[in-house]
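K.L.:
Pasting a predicted model and its sequence here:
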Amino acid sequence: MAAQNEFFDVSKPSNRRSMAFLACGALIGLVIAGYGLFTAKGTRSSGVPAEAVALVNQRQILRSDFMTQTETQYSVPFAQTTREQREKILEDMINEELMMQRGLEIDLPSYDPDVRNALVAGVELEVTADVIAQQPTSEELHAYYEHHRSQYASDGIMQLRDLVVRTDASRSAAVAHGTAIQAAAEIRAGQPLDAVIKRYGLVDSGRFMAAGHTDLGDIFEFAVRAKVDDALYNALSPLKDGEVSDPVDESEGVHLIAMIKRRFPVSQSFEQASNRVWADVKRDAEAKVRAANLIYLHGRADIVVAPDYAP
């Protein structure tokens, strides 16, 4: 009883009373801090920020996005939409946010290729946003054109035949090469091509004919380049109308390229190529930004590669 009287007698010091007051003070402080924590902006709260129309697991659906989507879907100004229309859009946006959050929760990007591709495209768009927004100056465009002038030309056109002197058990490579030299000499002397083909037993490989056709057609030079190796291309590239190449030895025989018709590429002026130059400048700038971003990401990542694929 004396101890209890001492606890309530404020005229006398009491360790028990001091500890009790300290505990009460700490408890009150925790209550106040907790209230401030859970009602502060950006924390879980029943209130919706002014810039948002809803919170979904504390993630905002912005009013600006809500208004834009409403106007887009109903093709009228937001002020002219009905409450029912707005509620429908809000419900759709909330459902979309829930599905998106669920996708992240189950790590959907790790195994769904469509989600992965969309995520990669979104990150690349974010990385290159500044480059896309920037407009190259006239000086930058001219400088790029001068540095890459060779790539701004009209497409070359060819009409040609790939004639082959076959090698087999009865005709050695040396004999086939000599036959090709004689045939080339007669073509250059003005003999009709078909007559020379018949006389020397030349065979058209059909390499430059459309599938299922025996007639010749115009072929873009880049397509010809894709069909032949370096030796054949180097032999045919300088040929003009009516000319024939020197013999080129290949595994199946000796080739002669007869150029029936040739239109060489024509360089374009800056004015003619300006649209392509602008697109190429933007493309190269975006590629540099992407490469720099990948270097940064690689630098901060822990990447382990299987031994059989390690560089």
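P.N.:
Yep, that arrived.
K.L.:
and L256, helix, strand or coil?
P.N.:
When states are read from DSSP: H, G, I helix; E, B strand; the rest coil, the local structure at L256 comes out as strand.
K.L.:
which one is it nearest to, not counting chain neighbours?
P.N.:
In space, not counting the residues next to it along the chain, L256 is nearest to L163; the distance is 4.5 Å by C-beta to C-beta, 6 or more residues apart in numbering. For every residue, glycine as well, the C-beta is placed using N, CA and C.
K.L.:
what do you get for I61?
P.N.:
Ranked by C-beta to C-beta, 6+ apart and with sequence neighbours excluded, the top spatial neighbour of I61 is A54, at 4.5 Å.
K.L.:
Is that neighbour in contact with I94, as I believe?
P.N.:
Yes. Using C-beta atoms under 8 Å, A54 is in contact with I94, at 6.1 Å.
K.L.:
Correct me if wrong: Q159 contacts V224.
P.N.:
No. Taking contact to mean C-beta under 8 Å, the distance of 10.1 Å between Q159 and V224 leaves them out of contact.
K.L.:
Comparing those two, which residue is more hemmed in?
P.N.:
Using other C-beta atoms under 10 Å, the more surrounded residue of Q159 and V224 is V224, with 21 against 16.
K.L.:
so that one touches Y233, yeah?
P.N.:
Yes. Under the contact definition of C-beta under 8 Å, V224 touches Y233, with a separation of 7.4 Å.
K.L.:
With just CA atoms, put the helix or strand containing the residue nearest to I61 into CSV.
P.N.:
For A54, the host element (DSSP states H and E) is strand 52-56. Extracted in CSV, the C-alpha atoms of strand 52-56 (Å, rounded to 0.1, in the frame of the first residue of the first chain):
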residue,chain,number,x,y,z
ALA,A,52,-5.2,10.8,-60.0
VAL,A,53,-8.7,9.4,-60.6
ALA,A,54,-8.0,6.2,-58.7
LEU,A,55,-5.4,4.2,-56.8
VAL,A,56,-4.9,0.5,-57.5
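K.L.:
Please identify the buried residues of the following helix or strand past it?
P.N.:
Downstream of strand 52-56, the next assigned helix or strand under DSSP H and E is strand 59-62. Along strand 59-62, these residues count as buried under the neighbour rule (16 or more other C-beta atoms under 10 Å): 60-61.
K.L.:
next one: stretch 287-306
P.N.:
Going by neighbour count (16+ other C-beta under 10 Å), the buried part of stretch 287-306 is V289.
K.L.:
where's the spatially closest residue to L108 that is not a sequence neighbour relative to L104, distance?
P.N.:
Excluding its sequence neighbours, the residue lying closest to L108 (C-beta to C-beta, 6+ apart) is V115, at 5.2 Å. In this view, V115 and L104 are 10 Å apart by C-beta to C-beta, to the nearest Å.
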